[in-house]
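Asker: Just the structure for this:
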Amino acid sequence: MTVTSRRSRGGKRSALALAVTAATATVLGATALTVPAHAAPAADAPKLDLKDGTLEWGVKESFRGYVTGPIGGGRIEVADGAKQAADNGAFTFTDGKGTYDTSTHAVATTFKGSVRFLAHAKGDAWELDLKLADLKLSTQGRTGSITADVTAAGKTENDVAIASLDLSAVRPGGGADGAMTYPNIPAKLTAGGAKAFAYHKDGKVIEFYKEGQALDPATLSVKAAGGGGPQPSPKPTQKPTQKPTQKPTVKPEPSATPTVKPTQKPGGSGNVLDGNLDWGVKKSFRDYVTGPIAGGKAELSAGAVKSGDTYRFPKGRGTYDAKASSLDANFTGAVRFTGHEGQLDLKFSDLKVKAKGTTGTLLADVSAKARATGEVTRTDDMPVAKLKLPAGGLKAKNGVVSLSAVPATLTAQGAKAFDNMYKEGQALDPLTAAVSVDKNAKLPGGTGKSTVAGTTGGSGGVTGGTGTAALAATGADTPTGPLLGGAGALLLAGGGAVYAARRRQTTRV
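Answerer: Modelled structure (predicted):
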């Protein structure tokens, strides 16, 4: 007989933990996992061997662009089994081997492959010469690290912790041939990594980045050496015991006619009366300009102000057509980036947003200085970025059209403005805008604290997630404990028994 369990919350967890433990033992074929759910980790707890692992990691996109761009004038070399994606993309390190600790849920993996960054040619040598080899990824609970053997300035240091990992929000998924994949693990630069990314020039050491700056996210894929997990369980052997007991006794009736008419008609064609545009251009570019390499600054003028980690361009004016779902708005203010003792000089002013439906363009008057020739080019209404708007994003609400964190990608003309430091299609900072199309409408307040216009630099914000043991997570907010021990081991084996145990809402008596 099957009855619905009415045990207390704690009782449910105990039953669930026992079910998980039993299911995991079946998956792994390890009798050691049948110990009581709340027992302390045994010193001889089994470890699961991992094979065929891959680590996809681009190190840092802006660094790759710098090395191969007109400033670095260099190249990137991969060897020993590592591969690089097309168009100066991310790297894949292969043939990963390691272990998964079923008691602590820790993963330790080592990969084949190396990558070497070469820039700033000086005779037959390179002022910047950095090699990363023998990469390792390890995790412990919600945190982890990437280490590598680092060769810089002709010296090699083994097992340098380059990146710290935050797995608190990572949700594993399935891959080919039973592999488990942990996608887009956030990574930040460590103190040792900051030291490794040093630029040696004229006997001086200049660090590119600071500890804590964001690196490219990493994606880990591993397989259990023992093969794939179990097949799905058979179909249910028992049909539901009862049919619905009765039909609805009352027929639904239509609701009463609304007694109040809408207070406002949808916005129609008209003028944009006010507005703000928030855009940071590109964070990695801001950091580069104001960092030790370029040694420059970002200057705001003509009404533009610093707003949180971005720039605000105010006094929006233009036209809006609700029926055609179109917006044409321009904003005041300017931002000018200078660096390398004046060799870098880039200014954006008179920004405009032209959008219709789900697509749009960000335009600006651009003044750009070519680093190679020193020639300054001024272009009005240059299409700098392509915008991707959400469906219905141009609908007015309470007299305001709001766009939030709209993805922006660089145009071919925009790439030239950046002296080809970046390529067409690369991501810029997202764009946020709000414009009023009704004289009684009120613009929403900014998300950041605005300051007066002036000289400003790039700044980074890091948000940390909260959660439970990440590599053992299945997507639910379950407390770290006996359940995760089973779930983590199961995930690495590629099975589904534990997931089924978690979903079960009845117990058999």
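Asker: residues of stretch 153-166 that come out buried?
Answerer: For stretch 153-166, the neighbour count (16 or more other C-beta atoms under 10 Å) marks 160-166 as buried. In this view, the C-beta of every residue, glycine as well, is placed from N, C-alpha and C.
Asker: Go through those residues and name the one nearest Gly178.
Answerer: Nearest to Gly178 among those, counting by C-beta to C-beta, is Leu165 at 23.6 Å.
Asker: Tell me which helix or strand the nearest residue to the closest one once chain neighbours are set aside sits in.
Answerer: Nearest residue to Leu165, sequence neighbours excluded (C-beta to C-beta, 6 or more residues apart in numbering): Gly144, at 3.6 Å. Here Gly144, judged by DSSP states H and E, is contained in strand 143-152.
Asker: Show me what that strand is in contact with.
Answerer: Identification of contacts with strand 143-152 by C-beta atoms under 8 Å, 6 or more residues apart in numbering yields 55, 57, 107, 129-138, 156-167, 185, 187, 190, 196, 198, 200, 218.
Asker: Can you tell me how far the closest residue in space to Lys282 that isn't next to it in sequence is from Ser138?
Answerer: Nearest residue to Lys282, sequence neighbours excluded (C-beta to C-beta, 6+ apart): Leu428, at 4.9 Å. Here Leu428 is placed at a distance of 34 Å from Ser138 (C-beta to C-beta, to the nearest Å).
Asker: now Asp129
Answerer: According to C-beta to C-beta, Asp129 and Ser138 sit 27 Å apart.
Asker: before we move on, back to that, so what are the sheet partners of the strand holding Gly144 and their directions?
Answerer: If you go by DSSP bridges, strand 143-152 pairs up with strand 125-140 (antiparallel), strand 155-166 (antiparallel).
Asker: Need the mean per-residue confidence for the first one.
Answerer: Just to be clear, that refers to strand 125-140. Averaging pLDDT along strand 125-140 yields 94.
Asker: ok, now the shortest one?
Answerer: Throughout strand 155-166, pLDDT has a mean value of 96.
Asker: Show me what it is in contact with.
Answerer: For strand 155-166, the surrounding residues in contact (C-beta under 8 Å, 6+ apart) are 132, 134, 136-137, 139, 142-151, 185-190, 192-193, 196, 215, 218, 464-465.
Asker: Which of the residues you listed are buried, as a PyMOL select command?
Answerer: The PyMOL selection below is limited to those of the contacts of strand 155-166 classed as buried (16+ other C-beta under 10 Å):
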select buried, resi 132+134+136+137+139+142+144+145+146+147+148+149+150+151+185+186+187+188+189+190+192+193+196+215+218
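Asker: if I pick the residue nearest to Lys282, what's in contact with it?
Answerer: 281-282, 384-385, 408-410, 414.
Asker: try 10 Å
Answerer: If a contact means C-beta atoms under 10 Å, 6 or more residues apart in numbering, then Leu428 has 279-285, 362, 384-387, 407-411, 414, 418, 422 as its contacts.
Asker: swap in Lys282?
Answerer: By C-beta under 10 Å, 6+ apart, the neighbours of Lys282 are 62, 288-289, 385, 408, 410, 414, 418, 421-422, 426-429, 458.
Asker: ok, 8 Å please
Answerer: Contact analysis of Lys282 by C-beta under 8 Å, 6+ apart lists 422, 427-429.
Asker: can those residues go into JSON lines with extra columns for distance to Asn440?
Answerer: What follows is the contacts of Lys282, written out as JSON lines (distance: C-beta to C-beta, whole Å):
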{"residue": "Tyr422", "distance to Asn440": "42"}
{"residue": "Ala427", "distance to Asn440": "37"}
{"residue": "Leu428", "distance to Asn440": "34"}
{"residue": "Asp429", "distance to Asn440": "32"}
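Asker: can you map out the helices along the stretch 251-400 of the chain?
Answerer: Shown for the stretch 251-400 of the chain, the helices assigned by DSSP state H, counting those that start in this stretch span residues 283-290.
Asker: So, low pLDDT: which residues of it?
Answerer: Counting by pLDDT under 70, the ranges of the stretch 251-400 of the chain that qualify are 251-269.
Asker: Same check on the stretch 101-250 of the chain?
Answerer: Along the stretch 101-250 of the chain, segments meeting pLDDT under 70 span 200, 226-250.
Asker: At which residues are the helices of it located?
Answerer: Using DSSP H, counting those that start in this stretch, helices in the stretch 101-250 of the chain cover 191-196.
Asker: Show the pLDDT at Ser402.
Answerer: pLDDT, read off for Ser402, is 96.
Asker: distance of it from Pro430?
Answerer: Here Ser402 is placed at a distance of 14 Å from Pro430 (C-beta to C-beta).
Asker: And for Val150?
Answerer: Counting by C-beta to C-beta, the gap from Val150 to Pro430 is 33 Å.
Asker: and the nearest residue to Trp57 once chain neighbours are set aside, bridged to which residues?
Answerer: Nearest non-adjacent residue to Trp57, counting by C-beta to C-beta, 6+ apart: Ala218, 4.3 Å away. Beta bridges link Ala218 to Ile185 when assigned by DSSP bridges.
Asker: Look up how far Leu55 lies from Ala218.
Answerer: Separation of Ala218 from Leu55 (C-beta to C-beta): 6 Å.
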